[in-house]
Structure formats: C-alpha cells, structure tokens
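K.L.:
generate coordinates for the sequence data below:
(one chain, ligands or ions: 1)
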Amino acid sequence: LRVTFTPLQHDSGKKGGIIAVLQDVTEQQRLEQQRREFVANVSHELRTPLTTIKSYVEALLDGAVEEPELSNRFLRVTMSETERMIRLVNDLLQLSRFDSQGVRLHCKDVDANQLLRYAVDRISLFGEQQGVQLSLDIQETLPEVYIDKDAINQVLDNLLSNAIKYTPAGGSVVLRAYANRHQKRVYISIADTGIGIPSRDLKRIFERFYRVDKARSRGQGGTGLGLAIARELVQAHGAEIEITSELNQGTTVTFWVPYAKGGKAG
Ligand code: ADP
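P.N.:
You can find the predicted model right below:
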C-alpha cells in the first residue's frame, strides 16, 4: 500500500486539512515482477539454442567439417536449433501483438466437421513419425460454428502436436467433438494417453514459458508458448479452454466454440 499526503491550502493561504491517497501497489508490483521474469525467460530461451549452435559450429571449424558423417549431424542440430529459435521469436511476436493490440479475429460461419477433419489430416504425418495413433471421433454431424478459422486451426495444431509430442510411441490421440444445443456450443477435446502432467503444475500450465520438463520440451522443439497462445485465441472468441491430466495416464484439453449465428443445428 502506498500512502501520499497532500496538505490542503485555502485561497487565503491558510492551511486546513490533508488529502491522503491510499494506493494499492501490490498489483503494480506483481506486474513488474512478471515482466522481469518474462524478460529473463526470453533471454534464457534464446541463449540456450545459441550456445548449442556455437559449440557445434566451433567443432566444425576445429576439423569436424572434414568428416562428412559428423559434420552432417552437427549441421542438422544447428538447423533444428535455428528453426526452434525462429518459432520462438514468431510466437513471441504473436503474443506481443496480442498484448499491444488485443487479439484481432475475423470470424465467419465455418463447417466444424471439415475443420476437424483437416486438422487431423495436417498432423497425421507427425503422428505416424512418432508412432502415435490418431483418430477423429464425431458422434453426429456438427453444426456450423462462428470462428476465426486461422485462429482455431492454430489452436488445434498446437494442441494436437502437444498431444503427439508428449505421448510415447504406441499411444493414441483422439480428437472428439460434440454439439451442446442448449448452450449453442461445440465442445472440442484432444485426449492423449501420454506422460501426463503432475497436478501441482496444472494450474500454471497455460502461463508463458511454464513447462513441466524444460529439457524434454526443448528436445521436442517446443517453445513453451503454445498453450499460452491457444488460450489467448480461445478466450478472444469469448470461449474457454481447460486441461485435465493424470500423470503417466494422459491429458485431455477441452475448449468450446460458439454456434454460427444463423445456427442450423446439425
Ligand atoms: P511446449 O512448446 O513446451 O510444448 P506448450 O505451451 O505447448 O509448450 O506446453 C507447455 C507445457 O505443458 C509443455 O512443456 C509440457 O510440459 C506440458 N504439456 C502440454 N501439453 C501436454 C500434453 N498433451 N501432455 C503432457 N504434457 C503437456
């Protein structure tokens, strides 16, 4: 609490009374603290790949370049770390745009059935590569939804790629959807049979850079920003996103999107 006193002075020059202003600065301090942590996180996240790249380039300059197999491996690591840094900077730019301008959506009526089928198609190769079985489960034909298609595609891509990344080979991922006629919402969930998230981490998992296992996330090419971006995009639709998880059992992320305005129920 910050308290400022200003003595009152009458026109006559006579002093009389005091104005006391009580200001709650805890919120201000909290924001300042968050900002500092964020800058520290960004610096650290950029330094890690840069250090890796530097050491591989040094090794190449020190002679590894003469050995084709070795130099190939080193260059691949350099490439993937560079790609991850580009993803990180792009994610950061997107979040900083959200912070400064808010999330700008261009909503239209969209066929939810097709949207989800395409999302599965886009990610299916990654699923195959990781040995994770992917399926789509839509009970009845879904109604049209009123969404920004690019935004919801990004949400689906982030959530599906997480589900695959954090599920060991042999596991499965199911994309489910159902319409709630009363609420005029289509609920979409992505459930995996993967490593899960400890319950103590769950409530913070949507925060920027919050990760259960940083090394594992980076090893998978992660930036720690995917869930934060997904939440911003869902909330910009006036909707909600939640996560439930059981360690070593799996994780389910659920969000909803609104029916199209003229909403023919499917
Ligand atoms: P990342 O780039 O690290 O995947 P995200 O913001 O997408 O960043 O996710 C944040 C963290 O949440 C991940 O690092 C991981 O610890 C955890 N996580 C997200 N999705 C899952 C999932 N399906 N299963 C297990 N852990 C997950």
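K.L.:
centre of the chain to stretch 2-18, how far?
P.N.:
What separates the centre of stretch 2-18 from the centre of its chain is 51 Å, taken as CA atoms, centre = their mean, to the nearest Å.
K.L.:
correction: the previous question concerned stretch 188-204.
P.N.:
That offset, for stretch 188-204, works out to 13 Å (CA atoms, centre = their mean).
K.L.:
ditto for stretch 70-79
P.N.:
In terms of CA atoms, centre = their mean, the centre of stretch 70-79 is found 29 Å from the chain centre.
K.L.:
avg pLDDT for it?
P.N.:
Across stretch 70-79, pLDDT averages out at 95.
K.L.:
flag every buried residue along it.
P.N.:
Buried positions in stretch 70-79, judged by neighbour count with 16 or more other CB atoms under 10 Å: 71, 74, 78. The C-beta positions use only the backbone N, C-alpha and C, and glycine is treated the same way.
K.L.:
export those as CSV, with columns for distance to the ligand and secondary structure.
P.N.:
Listed next are the buried residues of stretch 70-79 as CSV, based on distance: CB to the nearest ligand atom, whole Å; DSSP: H, G, I helix; E, B strand; the rest coil:
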residue, distance to the ligand, secondary structure
71, 29, helix
74, 24, helix
78, 20, helix
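K.L.:
so which of those comes closest to residue 261?
P.N.:
Among the buried residues of stretch 70-79, residue 78 lies closest to residue 261 (CB to CB), at 49.9 Å.
K.L.:
and residue 208, how far from the ligand?
P.N.:
As judged by CB to the nearest ligand atom, to the nearest Å, residue 208 and the ligand stand 8 Å apart.
K.L.:
also residue 58?
P.N.:
27 Å.
K.L.:
renumber starting at 685 from here on
P.N.:
From this message on, residue numbering opens at 685, which makes the last subject residue 742.
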